[in-house]
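can't give you the sequence, but here's the structure:
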């Protein structure tokens, strides 16, 4: 393992809306930060590119009243350790670190809340460790295998990201959010990265998205899709309507996962890619309602399909 970079703790002082004590786990020889608030069955919140657990701050107060909210920072992001070279970041690294994190904390009965890269990684993990996961909440993500036409807006973003001499993390979040974010919030997204040397993970994530069938993660995405076609545990799909790359992908997940049809079709309006910023409190209420209704449904006698109400609204072996 190459030497790591560690963001000074002083960078995270007095973050707006984020009074939570940092917690750390030793994962694959690196320090991985996570937020851990509340008690009860865990809600595992996974961020993507180029954010960190700060993205979930608007959801935590509501979710943590009756549940345990666990939100890790992926390696290379937030308060977690960072590696110096883009080549250090692989799908295997992120996958194995997250799997080790779940095992290290011995999380069970997990309600997964995933977004962006948190979906590629988290959904793969859920089908590999189904005994640990009870529910899925899927937001603005995808499972690309490199076998379908690649979204032109994504290709434009990927090319632009590689031309950036010093990626402006806060402005990337702002450009993909409908609401105007205060300067101090933008600074919180910049906080993990004192200078460009800390940003190798943020530069590399767009290049790890499978755009060819033989890409590193493509086999895992195919395996994940196949497993989700047989998934029977509760699934809530919530996408926003103003994500230039992923809007409309909610239909993909509703068509793919049988149990997604058991839940209302929720569209988060007037929200961009980072819908947690635009509509965080609304998302929390939908998640809580989902957990309550599916828990109640689980203790009722099962009904024949025709009587059930219709709702309107191996990583290594691949």
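Cool, got the structure. The structure displayed is predicted, hence computed values, not measured ones.

ok, now how distant is residue 189 from residue 125?
Separation of residue 189 from residue 125 (C-beta to C-beta, to the nearest Å): 25 Å. Using the backbone N, CA and C atoms, a C-beta is placed for each residue, glycine as well.

what are the ranges of the strands in this protein?
Secondary structure of the chain by DSSP state E: the strands cover 23-27, 30-37, 42-46, 68-72, 110-115, 133-139, 235-240, 266-268.

turn those into a markdown table, columns for distance to residue 89, mean neighbour count and mean pLDDT.
Shown next, in a markdown table, are the strands of the chain (distance: least, C-beta to C-beta, whole Å; neighbours: other C-beta atoms under 10 Å; pLDDT from 0 to 100):
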| stretch | distance to residue 89 | mean neighbour count | mean pLDDT |
| --- | --- | --- | --- |
| strand 23-27 | 15 | 16 | 98 |
| strand 30-37 | 12 | 20 | 98 |
| strand 42-46 | 16 | 26 | 98 |
| strand 68-72 | 16 | 25 | 98 |
| strand 110-115 | 19 | 25 | 98 |
| strand 133-139 | 23 | 25 | 98 |
| strand 235-240 | 26 | 26 | 98 |
| strand 266-268 | 30 | 18 | 97 |
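
what's the closest of the ones you listed to residue 13?
strand 30-37 (14.8 Å; C-beta to C-beta).

redo the strands of the chain as a markdown table? Include distance to residue 218.
Shown next, in a markdown table, are the strands of the chain (distance: least, C-beta to C-beta, whole Å):
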| stretch | distance to residue 218 |
| --- | --- |
| strand 23-27 | 25 |
| strand 30-37 | 26 |
| strand 42-46 | 20 |
| strand 68-72 | 25 |
| strand 110-115 | 19 |
| strand 133-139 | 19 |
| strand 235-240 | 22 |
| strand 266-268 | 29 |
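
so which of those strands comes closest to residue 85?
strand 30-37 (14.2 Å).

what's in contact with the closest one?
1, 4, 6, 20, 22-26, 53, 56, 60, 64, 68-73, 75, 78-81, 97, 101, 105 (C-beta atoms under 8 Å, 6 or more residues apart in numbering).

now that strand, how far from the chain's geometric center?
15 Å (C-alpha atoms, centre = their mean, to the nearest Å).

I figured residue 267 hits residue 250, correct?
Yes - with contact defined as C-beta atoms under 8 Å, residue 267 counts as touching residue 250 (7.4 Å).

list the contacts for the most centrally placed residue in the chain?
The residue lying closest to the centre of the chain (C-alpha atoms, centre = their mean) is residue 118, at 2.6 Å. Listed by C-beta under 8 Å, 6+ apart, the contact set of residue 118 reads 45, 46, 47, 48, 141.

can you put those residues in a markdown table and add distance to residue 271?
Listed next are the contacts of residue 118 as a markdown table, based on distance: C-beta to C-beta, whole Å:
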| residue | distance to residue 271 |
| --- | --- |
| 45 | 17 |
| 46 | 18 |
| 47 | 16 |
| 48 | 15 |
| 141 | 14 |
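
let me know the closest of those to residue 183.
So of the contacts of residue 118, ranked by how close each gets to residue 183 (C-beta to C-beta), first place is residue 47, at 21.1 Å.

count the neighbours of the closest residue to the closest one other than its chain neighbours for me.
Residue nearest to residue 47 in three dimensions, not counting chain neighbours: residue 55, with 5.0 Å by C-beta to C-beta, 6 or more residues apart in numbering. A total of 25 residues lie near residue 55 under the criterion other C-beta atoms under 10 Å.
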